[in-house]
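Visitor: Here is a sequence with its predicted model. Questions after.
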Amino acid sequence: EAGVAQSPRYKIIEKRQSVAFWCNPISGHATLYWYQQILGQGPKLLIQFQNNGVVDDSQLPKDRFSAERLKGVDSTLKIQPAKLEDSAVYLCASSSWDGGRDETQYFGPGTRLLVL
Amino acid sequence: KQEVTQIPAALSVPEGENLVLNCSFTDSAIYNLQWFRQDPGKGLTSLLLIQSSQREQTSGRLNASLDKSSGRSTLYIAASQPGDSATYLCAGRGSGNTGKLIFGQGTTLQVKP
């Protein structure tokens, strides 16, 4: 079974530039998550999709961050314009969670973003 | 609001030692608690998931416990090996029905040969 794929693996940009990350979840997984992990901290949920719909985006800085999940499969996360404090690892995860209590999330390798 | 804390931030032990990693959470109405492993430059791998109705889960040399009344979980690693060196994260799924995980900041473990 193929895992969660993410690209690019690394990205260096200057502040105020734009950047986009791509995620391909495990086939058949309806739920997709984007997390931000700042160095030395645990991941923080940015946005959760259930199929095409957004379940939780309460911690997404909507003035600069946007995300979409076309056709309920792949997803892109965009930052425009980037700030220095956006330097972090962006992790994508997917699960077969269907609203029940328990599910396992499978994580991709992450995209490391450095904003200069 | 659920908050998850892990102590210590880093731990170094000689090979063969048994060790315990600690995780505490503020909201006892936790749905479940998971332990993850993160290797440098890689994503997270789920190790154990303890349902709210359970007290512990075991997988090989790993044993995780959950005490909702005290707001604590522990991950016990028996007979540690250099290959166990990684960052271990606990995450609680808080109240509500969105599957949202709240992560601790992690404990970085180094097992010396």
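Guide: Now that the structure is in, tell me what you want to look at. Numbers count the residues shown, from 1 in each chain, chains lettered A, B, ... in the order given.
Visitor: List the buried residues for the host helix or strand of residue B:45?
Guide: Taking DSSP states H and E as the definition, residue B:45 sits inside strand B:44-51. Across strand B:44-51, burial judged by 16 or more other CB atoms under 10 Å in any protein chain shown covers B:44, B:46, B:47, B:48, B:49, B:50. The C-beta positions use only the backbone N, C-alpha and C, and glycine is treated the same way.
Visitor: Share the number of residues neighbouring the residue nearest to the second one when sequence neighbours are not counted, please.
Guide: Pointing back at residue B:46 there. Distance criterion CB to CB, 6 or more residues apart in numbering or on different chains; nearest residue to residue B:46, sequence neighbours excluded, is residue A:104 at 5.0 Å. The number of residues packed near residue A:104 is 11, by other CB atoms under 10 Å in any protein chain shown.
Visitor: Quick check: residue A:104 touching residue B:47?
Guide: No - with contact defined as CB atoms under 8 Å, residue A:104 and residue B:47 do not form a contacting pair (10.3 Å).
Visitor: what sits in contact with each of the two?
Guide: Shared contacts of residue A:104 and residue B:47 (CB atoms under 8 Å, 6 or more residues apart in numbering or on different chains): residue B:34.
Visitor: and residue A:46, how far is that from chain B?
Guide: Distance, residue A:46 to chain B, using CB to the nearest CB, to the nearest Å: 11 Å.
Visitor: Help me confirm that that residue comes into contact with residue A:60.
Guide: Yes - contact criterion CB under 8 Å: residue A:46 and residue A:60 qualify, at 4.8 Å.
Visitor: if I look at these two, which residues touch both of them?
Guide: residue A:67.
Visitor: Endpoint to endpoint, stretch A:56-66 covers what distance?
Guide: Using CA to CA, to the nearest Å, one end of stretch A:56-66 lies 13 Å from the other.
Visitor: Mind checking the pLDDT average for that stretch?
Guide: Averaged across stretch A:56-66, pLDDT comes to 94.
Visitor: in that stretch, what counts as buried?
Guide: Quick answer for stretch A:56-66 (16+ other CB under 10 Å): A:56, A:57, A:60, A:65, A:66.
Visitor: Looking at these, which is nearest chain B?
Guide: The closest of those to chain B turns out to be residue A:56 (CB to the nearest CB; 4.9 Å).
Visitor: What residues does the closest one make contact with?
Guide: Residues counted as contacts of residue A:56 (CB under 8 Å, 6+ apart) are A:45, A:47, A:48, B:98, B:100.
Visitor: now, among the residues you listed, which is nearest to residue A:91?
Guide: Comparing those against residue A:91 with CB to CB places residue A:45 closest, at 9.8 Å.
Visitor: For residue B:100, see how far away the closest one is.
Guide: 6 Å (CB to CB, to the nearest Å).
Visitor: any idea how far residue B:38 is from the closest residue to chain A within chain B?
Guide: Nearest to chain A, among the residues of chain B, is residue B:103, at 3.0 Å (CB to the nearest CB). Distance from residue B:103 to residue B:38, counting by CB to CB: 10 Å.
Visitor: who are the neighbours in contact with the most centrally placed residue in chain A?
Guide: For chain A, residue A:34 is the residue whose C-alpha lies nearest the centre (CA atoms, centre = their mean; 2.5 Å). Contact partners of residue A:34, counting by CB under 8 Å, 6+ apart, are A:23, A:45, A:46, A:47, A:48, A:67, A:75, A:77, A:90, A:91, A:92.
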